[in-house]
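Visitor: Okay, predicted coordinates and the sequence, questions at the end:
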Amino acid sequence: MDRLRAYEVFVTVVDRGSFARAADALETSPANVTRYVNELETHLGARLLNRTSRKLSLTEGGETLYSRCKTILEEVAETEGLVSTTSIEPRGRLRVNAPVSFGILHLAPLWPRFMQRYPDVELDIALTDRVVDLVEEGFDLAIRISRAGTAEHAARKLATSRNVLCASPDYLSRWGHPEIPADLLRHRCIGYRYAATADEWQLTDSNGKAHPVEVACHMHTNNGDTARAAALAGQGVIWQPTFLIGDDLRAGTLVRVLPEYRLPDIDILALYPSRRHLSAKVRAAIDFLVNAFAGVPPWERT
């Protein structure tokens, strides 16, 4: 049995939803398609497909094999492209992980342009604020918000975002404007659960002197949009990146608190497992994003 051909037949059957349609796509007969699938099941000693007169469905083993075979076939296509042409076109499935807020606000508008430019790339975008394991979870690329970069993976910097301490005008009219970092101790603060320093807010004055403040938060959240919504409703002081609250600051619905003090900036990074054997689709995505965020990032533009 030609196992690579069997994998191709099996994946095509699943993608097309029937043996007959798979045979048409592969320009062979339904009998040949059936033979390949039967031989593959015999070789593996497991049923891969549940077949009825109306539809096909994957077994648990079939789902595992389908996912792996898709990856194998994409890698084979890319490998063949390396030696068969001097112009490698990005193709295949590209799995991208990104934080929720940044992914919605600043990446979602870019993906249609990427799809138009690279029609043979199948995007699979997963948004989560959890730090994923690229290799273990099968991601080709991750966009990560980081204060210190990364030593685990190869990375390219896309942009920088400032962290800003702010609150709504209504809140400040009721609670007053802090004048020094220690004044935050008497304010209602809203904490970000994934902050590296927890509830110790790291402020620095114009001379570079650190003024850490252990604030008392009456609300915590693992999502920046939730913190922003609470601040806009007058419920407290937050610190969040300008990529999330830049429009609010420009509109005056949020106002900077302690503007003469700074919080550490953060980098927007494109992470990928290794610089070696970087596939055409990953390279294309990274170059596309670097170009999209070149110059002044959109959240800093007026």
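Guide: Happy to help now that I have it.
Visitor: Nearest to the spatial middle of this structure, which residue is it?
Guide: residue 98 (1.6 Å; CA atoms, centre = their mean).
Visitor: The residue nearest to that residue when sequence neighbours are not counted: neighbour count?
Guide: Leaving aside its sequence neighbours, residue 98 sits nearest to residue 143 (CB to CB, 6 or more residues apart in numbering; 4.1 Å). For every residue, glycine as well, the C-beta is placed using N, CA and C. Counted with other CB atoms under 10 Å, residues neighbouring residue 143 total 20.
Visitor: Could you do residue 287 as well?
Guide: Using other CB under 10 Å, residue 287 is surrounded by 12 other residues.
Visitor: dump the residue contacts of it.
Guide: Counting by CB atoms under 8 Å, 6 or more residues apart in numbering, residue 287 touches no other residue.
Visitor: what's the spacing between residue 168 and residue 89?
Guide: As judged by CB to CB, to the nearest Å, residue 168 and residue 89 stand 50 Å apart.
Visitor: go on, residue 175?
Guide: Separation of residue 175 from residue 89 (CB to CB): 58 Å.
Visitor: what do you get for residue 235?
Guide: As judged by CB to CB, residue 235 and residue 89 stand 51 Å apart.
Visitor: Kindly report the same for residue 273.
Guide: Counting by CB to CB, the gap from residue 273 to residue 89 is 22 Å.
Visitor: and these two? which has more neighbours close in?
Guide: Higher neighbour count among residue 273 and residue 89: residue 273, with 18 against 14, using other CB under 10 Å.
Visitor: Surely that one is in contact with residue 142?
Guide: No. Between residue 273 and residue 142 there is no contact under CB atoms under 8 Å: 9.4 Å.
Visitor: Return the residues in contact with residue 243.
Guide: Shown in contact with residue 243 (CB under 8 Å, 6+ apart): 101-102, 105-106, 161, 268, 297, 299.
Visitor: mind running it again at 10 Å?
Guide: 99, 101-102, 105-106, 145, 159-162, 224, 266, 268, 297-300 (CB atoms under 10 Å, 6 or more residues apart in numbering).
Visitor: now do residue 228
Guide: 101, 166, 190, 221, 238, 240, 244-245, 248, 253-254.
Visitor: Kindly report the domain assignment for the chain.
Guide: Here the domain parsing of the chain from automatic domain parsing is 3-84, 92-161+266-300, 163-256.
Visitor: Please convert those domains to JSON lines, extending it with mean pLDDT.
Guide: Output for the domains of the chain, formatted as JSON lines (pLDDT from 0 to 100):
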{"stretch": "domain 3-84", "mean pLDDT": "85"}
{"stretch": "domain 92-161+266-300", "mean pLDDT": "87"}
{"stretch": "domain 163-256", "mean pLDDT": "94"}
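Visitor: which residues of this protein fall in helices?
Guide: For the chain, the helices defined by DSSP state H cover 3-16, 19-26, 30-44, 60-84, 100-102, 111-117, 169-175, 224-232, 242-251, 280-292.
Visitor: Please tell me how far the last one is from the chain's geometric centre.
Guide: In other words, helix 280-292. 14 Å (CA atoms, centre = their mean, to the nearest Å).
Visitor: Would you mind putting the CA coordinates of it into PDB?
Guide: Provided in PDB are the C-alpha atoms of helix 280-292 (Å, rounded to 0.1, in the frame of the first residue of the first chain):
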ATOM      1  CA  ALA A 280       6.800  29.900   3.400                       C
ATOM      2  CA  LYS A 281       3.400  30.400   5.000                       C
ATOM      3  CA  VAL A 282       4.900  31.400   8.400                       C
ATOM      4  CA  ARG A 283       7.500  33.700   6.800                       C
ATOM      5  CA  ALA A 284       4.800  35.300   4.700                       C
ATOM      6  CA  ALA A 285       2.600  35.900   7.700                       C
ATOM      7  CA  ILE A 286       5.400  37.400   9.800                       C
ATOM      8  CA  ASP A 287       6.500  39.700   6.900                       C
ATOM      9  CA  PHE A 288       2.900  40.800   6.400                       C
ATOM     10  CA  LEU A 289       2.400  41.700  10.000                       C
ATOM     11  CA  VAL A 290       5.800  43.500  10.300                       C
ATOM     12  CA  ASN A 291       4.800  45.600   7.300                       C
ATOM     13  CA  ALA A 292       1.300  46.200   8.600                       C
END
